[in-house]
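Colleague: Mind folding the following:
(2 chains)
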Number of protein chains: 2
Amino acid sequence: MTTAKRDTYTPETLLTVAVRVFNERGYDGTSMEHLSRAAGISKSSIYHHVAGKEELLRRAVSRALDGLFAILDEPGAVRGRAVERVEYVTRRTVDVLMAEVPYVTLLLRVRGNTKTERWALERRREFDQRVAELLKAAVADGDLRADVDIRLATRLLFGMVNSLVEWYRPQPDGFPGEEQLADTVVQLAFEGMRANGDRGR
Amino acid sequence: MTTAKRDTYTPETLLTVAVRVFNERGYDGTSMEHLSRAAGISKSSIYHHVAGKEELLRRAVSRALDGLFAILDEPGAVRGRAVERVEYVTRRTVDVLMAEVPYVTLLLRVRGNTKTERWALERRREFDQRVAELLKAAVADGDLRADVDIRLATRLLFGMVNSLVEWYRPQPDGFPGEEQLADTVVQLAFEGMRANGDRGR
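Modeller: Predicted coordinates for the structure are as follows:
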């Protein structure tokens, strides 16, 4: 038990605590009691800020989803050849993931047991679908290989990108190569690991 | 509650039930009571087969780890150029993952709270390290690009491969393209999504 402290939370700072607890215990495994203990304030103080844990989940995954969807409206995502646009979206997805790692982690772990979780899954699918359409257009332009199923390519691309949440943790001073991380992901995903000139053997 | 049924389990069939429950509830969130209910036999019947849930975890992750480590001794992993060997290991890792998806899923979710979990994490790191060494040798041969940190490349490669556990589910009749799945992962990881001849721009 924690001694109750004065409630100086804003919805925003309370969200930071909630997301940490959700990621540690799983959303299903988190009770209002757990949130109250982690925040060091009473349950009724939490209810003063939000209607309940599902509202905290909705706010948290919205933050991740808003960050991701905003990418699709950026100039780099709407102008130019499809292949350049999809590379841009991939690079920026890595940026958003790095900036919002706890929020994206929570989004990726959502399972679909509640209305909010099902809504989040639906929005995620919508984002993946938008990227799949860009990939499809790039294949039609002859810029991406036509011999791989788009659905599978989309899954593997996001598999690589999203795996960052498993190990990437922001450091106060960054880490060597951090600035190049998004570029490296794009290079590996689109150009592969083979050395230049070694393709099509 | 389930009516207790006659205990016709072998350690092997009991493991299948335990792994399903561990993957659904998380290892930490699974009690002997949960296992007893899922198996439809009493807790004492379970203790007749195994010493406890940690033994079930050890058996389950051993199955995944044994499958993965066996790859490293196969002829394709020990003979030929490093790049061919690492592509072979990647392809076979996908095969093992597809064949043992619940076991590999459990292995990938292990967090390190118990001795068995820490041992499993250590073995996983050892496997990744062996693959990283192959990648390093392939870079030294000039077959893989030298401009990407090996540690990062290893993480992204496994990020792509391991993401299969999120969506791949064996079907009784397979699914279209299932036989090519491992080849496709290798192609995308090593050659990238760009169409041939479009590299090094």
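Colleague: alpha carbons only for contacts and neighbour counts from here, please
Modeller: Fine.
Colleague: And A:G177, how far from chain B?
Modeller: Relative to chain B, A:G177 is positioned 9 Å away (CA to the nearest CA, to the nearest Å).
Colleague: likewise A:T8?
Modeller: Taking CA to the nearest CA, one finds A:T8 at 33 Å from chain B.
Colleague: Need the three-state assignment for that residue.
Modeller: Assigned by DSSP: H, G, I helix; E, B strand; the rest coil, the conformation of A:T8 is coil.
Colleague: tell me the phi and psi of it?
Modeller: The phi and psi values for A:T8, taken as degrees, to the nearest 10, are phi -110, psi 20.
Colleague: For burial, what's the neighbour tally of it?
Modeller: Residues within reach of A:T8, counting by other CA atoms under 10 Å in any protein chain shown, total 9.
Colleague: Next, the buried residues of the helix or strand in which A:D66 is found.
Modeller: Assigned by DSSP states H and E, A:D66 belongs to helix A:53-71. For helix A:53-71, burial by neighbour count (16 or more other CA atoms under 10 Å in any protein chain shown) applies to A:53, A:56-62, A:64-65, A:67-69, A:71.
Colleague: So what's the gap between it and the chain middle?
Modeller: Distance of helix A:53-71 from its chain centroid, counting by CA atoms, centre = their mean, to the nearest Å, is 9 Å.
Colleague: Provide the contact partners of it at residue level.
Modeller: By CA atoms under 8 Å, 6 or more residues apart in numbering or on different chains, the residues outside helix A:53-71 that reach it are A:15, A:18-19, A:31-32, A:50, A:77, A:89, A:92-93, A:96, A:100, A:103-104, A:106-107, A:116, A:120, A:123-124, A:127.
Colleague: Take these and keep only those in helices.
Modeller: Here DSSP state H is the test, and these give A:15, A:18-19, A:32, A:77, A:89, A:92-93, A:96, A:103-104, A:106-107, A:116, A:120, A:123-124, A:127 as lying in helices.
Colleague: Break chain A into its domains for me.
Modeller: Domain ranges of chain A: A:11-50, A:60-191, per automatic domain parsing.
Colleague: The nearest residue to A:G142 once chain neighbours are set aside: neighbour count?
Modeller: Distances taken as CA to CA, 6 or more residues apart in numbering or on different chains place B:A195 nearest to A:G142, at 6.8 Å, with adjacent residues excluded. Neighbour count of B:A195, defined by other CA under 10 Å: 20.
Colleague: Now do the same contact list for A:Q187.
Modeller: Contacts of A:Q187 (CA under 8 Å, 6+ apart): none.
Colleague: Enumerate the residues of chain A near chain B.
Modeller: A:142-146, A:148, A:153, A:156-164, A:184-185, A:188-200 (CA under 8 Å from any CA of the partner chain).
Colleague: any idea how far A:R58 lies from chain B?
Modeller: In terms of CA to the nearest CA, A:R58 sits 22 Å off from chain B.
Colleague: Indicate the residue of chain A located nearest to chain B.
Modeller: Chain B sits closest to A:G192 of chain A, with a gap of 3.6 Å, by CA to the nearest CA.
Colleague: pLDDT value on that residue, please?
Modeller: Confidence at A:G192, expressed as pLDDT, is 93.
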